[in-house]
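what shape does this take:
(2 chains)
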Number of protein chains: 2
Amino acid sequence: MELVSQNKVFGGAHRRYRHRSATLGCDMVFAVFLPPQALAGEKVPVLYWLSGLTCTDENFMQKAGAFRTAADLGLAIVAPDTSPRGEGVPGDPDGSWDFGLGAGFYVDATQEPWSKHYRMHDYVVNELPALVEAEFPVTGLRSISGHSMGGHGALVCALRNPGRYRSISAFAPISNPTDVPWGQKAFGHLLGPERIGWLAWDASVLIAGSDERLPLLVDQGEADSFLESQLKPERLKEAADAAGYPLTLRRHAGYDHSYYFIASFIDDHLRHAARALEIA
Amino acid sequence: MELVSQNKVFGGAHRRYRHRSATLGCDMVFAVFLPPQALAGEKVPVLYWLSGLTCTDENFMQKAGAFRTAADLGLAIVAPDTSPRGEGVPGDPDGSWDFGLGAGFYVDATQEPWSKHYRMHDYVVNELPALVEAEFPVTGLRSISGHSMGGHGALVCALRNPGRYRSISAFAPISNPTDVPWGQKAFGHLLGPERIGWLAWDASVLIAGSDERLPLLVDQGEADSFLESQLKPERLKEAADAAGYPLTLRRHAGYDHSYYFIASFIDDHLRHAARALEIA
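Numbers count the residues shown, from 1 in each chain, chains lettered A, B, ... in the order given. Okay, here's the model as predicted:
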């Protein structure tokens, strides 16, 4: 694991690391925020943040304004990249931004040429936490959150893996990917043409069959230009209500899909995680 | 004035506008944050933020994490670009990033080919506030702040124009530009080879002759890689002490030159401005 850069921020440390991922078959960069408590030797819990389409590890760390409250709470944050990268990793054959590089959709691909590298679910759920827990002063307690494609990722990672996370939250998640263009394009490539194979990667399907009940907070801006075509939080709400899953879905008038929206409400998500992680 | 984009954030509005600048002879984009109080019709004071080398209006607005506290205080923030831009505006003949486009140094050039467009001081002090005060629900009360080249800009704009600002603050300002490579390169181009002509654009010179006494806060990271070669805050401190100017210079162990440093302390700068603007 190689330190790429570090910055002191709110008394804590923002660091970027490069490491060889066996899961993804390529080098990966991720970012970590260690709060002052961790730098002083205390073990702290971790919030995993999954970013949206086109992002890297940097977007959240630069734009979300999360560190003041994370430092207060004593909460570490880990932000992985959004896809495998590098030589030999294929991107979208159409060259567009909504699939492939920067758009791995947090699933484990079954189809050629994707299955060699596009295993972001396994990476986020297993390899990265194992690395983080071996290398940093953190407890084994984890929460997960994300935005858009990463909101889908956060939901699916937690719903597929009972026992691994204490809470879930999301901003403007792709809530029913099997029924919207972004999800259908990505799943078609990564999982093949059979829609039945996609269902185990769709939060609105998974939530119906979940035995676990994690605190789940979803924020959605009503001026989000992707709301009706790609996000469909009402599908998640219907499925959660039917299953008795404790979803708090908040709709915010006037807010869009940007990090300005995320920054406005990130503190609520940090406190949501902190309560479940027993530090608030 | 044409609206380029807008985002709701912390109950206020972040907006980007394009307008024709008569002072600079080109189209310019600037950003404004209007707090909720202004959107509700109340007139609010304005903090002008001047960014550093290579920046546009976007860096501060995306990365500083300023809006939560600005919304609480009822403080508008205006962030101009860092140089004239567009067709016919010359850049650095060497093509480097430390002079020219994105690096106008907030002076009024006297030399060809710069004097036609490079009049960022006049733009920031006169044209932009006149536009802002005509178009938005703001009072005529102004404070000014900035980072690095923009810290120099904030200091010089206020020190040269008594009565126009209520307070000054800066992060890692180029404090004595006539004596460091960045300043010497820019001033040599913009103001000509005679060093005597540079002195009226150097905060450590101007502060000695200032009749006004504004609250002045400067934050400097001690792990800033430009500290000794380009910034030299001790020069400003010596000049301020000799002149009896009320400078609070804070040095912060471990912090670098990045927006992670700015985000860590921006709330103090907002409150510093708010006190002088009589809203805190």
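
CA only for contacts and neighbour counts going forward, please
Noted.

what values do phi and psi take at A:Val4?
phi -90, psi -40 (degrees, to the nearest 10).

and it, how many neighbours?
Applying other CA atoms under 10 Å in any protein chain shown, we find 13 other residues in the vicinity of A:Val4.

pick out the residue in the stretch 151-280 of chain A sitting closest to chain B.
Nearest to chain B in the stretch 151-280 of chain A, going by CA to the nearest CA, is A:Ser264, at a distance of 4.8 Å.

retrieve the pLDDT associated with that residue.
We have a pLDDT of 98 for A:Ser264.

who are the contact partners of A:Ser143?
A:46-48, A:165-168, A:273, A:276-277 (CA atoms under 8 Å, 6 or more residues apart in numbering or on different chains).

apply 10 Å and report the result again.
By CA atoms under 10 Å, 6 or more residues apart in numbering or on different chains, A:Ser143 lies in contact with A:45-49, A:77, A:154, A:158, A:164-169, A:214-215, A:270, A:272-274, A:276-277.

please apply the same query to A:Leu75.
A:33-38, A:43-47, A:67, A:69, A:138, A:270-271, A:273-274, A:277, A:279.

would you map the strands across the stretch 1-150 of chain A?
Ranges of strands within the stretch 1-150 of chain A are A:2-9, A:12-21, A:26-34, A:44-50, A:76-80, A:138-147, based on DSSP state E, counting those that start in this stretch.

so what's the residue count around A:Cys245?
Residue A:245: Tyr, not Cys. 19.

surely A:Leu206 and A:Leu199 touch.
Yes: using CA atoms under 10 Å, A:Leu206 makes contact with A:Leu199 at a distance of 7.6 Å.

still on that earlier bit, the strands of the stretch 1-150 of chain A into JSON lines, with extra columns for mean pLDDT?
Shown next, in JSON lines, are these (pLDDT from 0 to 100):
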{"stretch": "strand A:2-9", "mean pLDDT": "98"}
{"stretch": "strand A:12-21", "mean pLDDT": "98"}
{"stretch": "strand A:26-34", "mean pLDDT": "98"}
{"stretch": "strand A:44-50", "mean pLDDT": "98"}
{"stretch": "strand A:76-80", "mean pLDDT": "98"}
{"stretch": "strand A:138-147", "mean pLDDT": "98"}
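
so can I have a markdown table of those strands showing distance to B:Val132?
Output for these, formatted as a markdown table (distance: least, CA to CA, whole Å):
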| stretch | distance to B:Val132 |
| --- | --- |
| strand A:2-9 | 33 |
| strand A:12-21 | 36 |
| strand A:26-34 | 38 |
| strand A:44-50 | 38 |
| strand A:76-80 | 38 |
| strand A:138-147 | 34 |
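
among the ones you listed, which is nearest B:Lys185?
Distance to B:Lys185, taken as CA to CA, is lowest for strand A:2-9 among the strands of the stretch 1-150 of chain A, at 28.6 Å.

leaving out sequence neighbours, find the closest residue to A:Arg20.
A:Asp27 (4.4 Å; CA to CA, 6 or more residues apart in numbering or on different chains).

what does chain A put close to chain B?
By the rule CA under 10 Å from any CA of the partner chain, the part of chain A lying against chain B is A:6-14, A:59-68, A:221, A:223, A:253-265.

try it again with 8 Å
A:7-10, A:62-65, A:68, A:254-256, A:258-261, A:263-265 (CA under 8 Å from any CA of the partner chain).

buried set for stretch A:125-134?
By neighbour count with 16 or more other CA atoms under 10 Å in any protein chain shown, stretch A:125-134 contains the buried residues A:125, A:127-129, A:132.

swap in stretch A:256-271?
In stretch A:256-271, counting by 16+ other CA under 10 Å, buried: A:256-267, A:269-271.

which residues are in contact with A:Tyr17?
A:1-5, A:29-31.

now do it against chain B, distance only.
For A:Tyr17, the distance to chain B (CA to the nearest CA, to the nearest Å) stands at 17 Å.

and A:Ser204, what helix or strand is that in?
Element membership of A:Ser204 [criterion: DSSP states H and E] is helix A:203-206.

quick one: average confidence on that helix?
98.

pLDDT below threshold where in chain A?
Under the criterion pLDDT under 70, no range of chain A is flagged.

ok, now how distant is the residue lying farthest from the centre of it from chain B?
Most distant from the centre of chain A: A:Ala40, at 27.4 Å, with distances by CA atoms, centre = their mean. The gap separating A:Ala40 from chain B is 15 Å, by CA to the nearest CA.

the helices in the stretch 51-200 of chain A, which residues?
Using DSSP state H, counting those that start in this stretch, the helices of the stretch 51-200 of chain A run over A:58-63, A:67-73, A:120-122, A:128-135, A:149-160, A:181-191.

buried deepest among those, which one?
Each of the helices of the stretch 51-200 of chain A was scored by mean neighbour count; the highest is helix A:149-160, a mean of 28, by mean count of other CA atoms under 10 Å in any protein chain shown.

packing partners for it?
strand A:44-50, strand A:138-147, strand A:168-171, helix A:203-206 (3 or more CA pairs under 8 Å, 6 or more residues apart in numbering or on different chains; DSSP states H and E).
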